[in-house]
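**Student:** need a 3D model of the following:
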Amino acid sequence: MSYPQGSSALWNYFSRHSLRARRKRGVLPTRCEMPGIQFLPFSILLGILGVLCVGLTGFWGQHWLGGFAWDGSSEMFNWHPVLMVTGMLVLYGSAALVYRVPLSWEGPKLPWKLLHAALTLAAFILVVVGLVAVFEFHNNKKIPNMYSLHSWVGLTAVLLFSCQWLMGFASFLLPWAPIWLRALYKPIHVFFGSAILSLVMAACLSGINEKLFFRLKNSTTLYSKLPSEAWFANILGMLILVYGLLVLWALAVSAWKRPDANSQGIQEPLLQEAR
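**Tutor:** So this is what the prediction gives:
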């Protein structure tokens, strides 16, 4: 038997034959069996949940926490939860599901790579502004930084997220990484994507709890008495948890994954495509 010459041709040869073998065994569904119809209502539901998470976080800041400002006051701090939920949870979760969109399963993968990178970059910018808001507030009020478990978990998520973006950009969008390295790094990239989202959920929930403990104490209304703000914030936390778990579940559904054999995504760096 003669094999194609060159690493790229060899990769395509084995990909095509692997795809045919998996379809014969019934492991890989054909294009008409892929669950595009099921994904649409799921994505609509997820979008509604994401809007609710952001909207309710903003409502909490406006209605109970005094509104928003950029002057080092507690109103400046209120930007922190809104921007972190918007960036690290909703935008990051949306970016993680870009390759689950049925339209991305066929044709060049580069436009979807760029969309994924753009969404995560937008998330990163919002996260940086959110961190500036909380650090400026702490410094202005002479409150120590990085003393709580919430801050440790949150900063760990941000640092991993930054490394994830840089490594993904260097490995999948620029041409100097060899194909074998991209193939080796891809499952690591996928794993840390889910791990970072899990850390984000933990940071959001611990942040909500920490804020309620600070506000609803003996001088106001006890948190244990569950005043209206506590009810509201607890419900917000549950919505954040549901949103994150649904994203993780969608990432784990094998039928919604783009078949690698239908694309050469690992072999499509940005600069080579532009030539």
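
**Student:** which residues in the stretch 51-200 of the chain form helices?
**Tutor:** With helices called from DSSP state H, counting those that start in this stretch, the stretch 51-200 of the chain shows them at 74-77, 79-84, 92-96, 110-140, 149-168, 179-215.

**Student:** distance to Leu222 and mean neighbour count added to those, as CSV?
**Tutor:** From N, CA and C alone the C-beta is placed, and that goes for glycine too. Compiled in CSV, the helices of the stretch 51-200 of the chain are given as follows (distance: least, C-beta to C-beta, whole Å; neighbours: other C-beta atoms under 10 Å):
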stretch, distance to Leu222, mean neighbour count
helix 74-77, 21, 19
helix 79-84, 22, 23
helix 92-96, 34, 23
helix 110-140, 25, 18
helix 149-168, 21, 17
helix 179-215, 11, 17
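
**Student:** out of the ones you listed, nearest to Gly66?
**Tutor:** Closest approach to Gly66 among the helices of the stretch 51-200 of the chain is made by helix 74-77 (5.3 Å; C-beta to C-beta).

**Student:** for that closest one, packing partners?
**Tutor:** With contacts taken as 3 or more C-beta pairs under 8 Å, 6 or more residues apart in numbering; DSSP states H and E, helix 74-77 sits against helix 110-140.

**Student:** recalculate using a threshold of 10 Å.
**Tutor:** helix 36-63, helix 110-140 (3 or more C-beta pairs under 10 Å, 6 or more residues apart in numbering; DSSP states H and E).

**Student:** quick one: distance of the shortest one to the chain centre.
**Tutor:** Here helix 36-63 is found 14 Å from its chain centre; the criterion is C-alpha atoms, centre = their mean, to the nearest Å.

**Student:** buried sites along it?
**Tutor:** Neighbour-count burial for helix 36-63, counted by 16 or more other C-beta atoms under 10 Å, picks out 39, 42-43, 46, 49-50, 52-54, 56-58, 60-61.

**Student:** ok, those vs Tyr99, which is closest?
**Tutor:** Of all the buried residues of helix 36-63, Tyr99 sits closest to Phe39, with 11.6 Å by C-beta to C-beta.

**Student:** ok, that closest one touching Ala255?
**Tutor:** Yes - with contact defined as C-beta atoms under 10 Å, Phe39 and Ala255 form a contacting pair (9.2 Å).

**Student:** who touches both of these two?
**Tutor:** Arg100 (C-beta atoms under 10 Å, 6 or more residues apart in numbering).

**Student:** wait, what's in contact with the spatially most central residue of the chain?
**Tutor:** In the chain, the C-alpha nearest the mean C-alpha coordinate belongs to Tyr92, at 2.6 Å (C-alpha atoms, centre = their mean). Contact partners of Tyr92, counting by C-beta under 10 Å, 6+ apart, are 86, 119-120, 122-124, 126-127, 157, 161, 164-165, 193, 196-197, 200, 244, 247.

**Student:** try it again with 6 Å
**Tutor:** Contact analysis of Tyr92 by C-beta atoms under 6 Å, 6 or more residues apart in numbering lists Ala123.

**Student:** same deal with the one 4 residues further on?
**Tutor:** Applying C-beta under 6 Å, 6+ apart, we find Ala96 in contact with Gly193.

**Student:** for Ala177, what are its contacts?
**Tutor:** Taking C-beta under 6 Å, 6+ apart as the test, what Ala177 contacts is Ser171.

**Student:** do you know how far it is from Leu184?
**Tutor:** 10 Å (C-beta to C-beta, to the nearest Å).

**Student:** nearest to Asn78 among the helices and strands packed on helix 74-77 would be which one?
**Tutor:** Asn78 sits nearest to helix 36-63 of all the helices and strands packed on helix 74-77, at 3.7 Å, using C-beta to C-beta.

**Student:** nice, that's everything, thank you.
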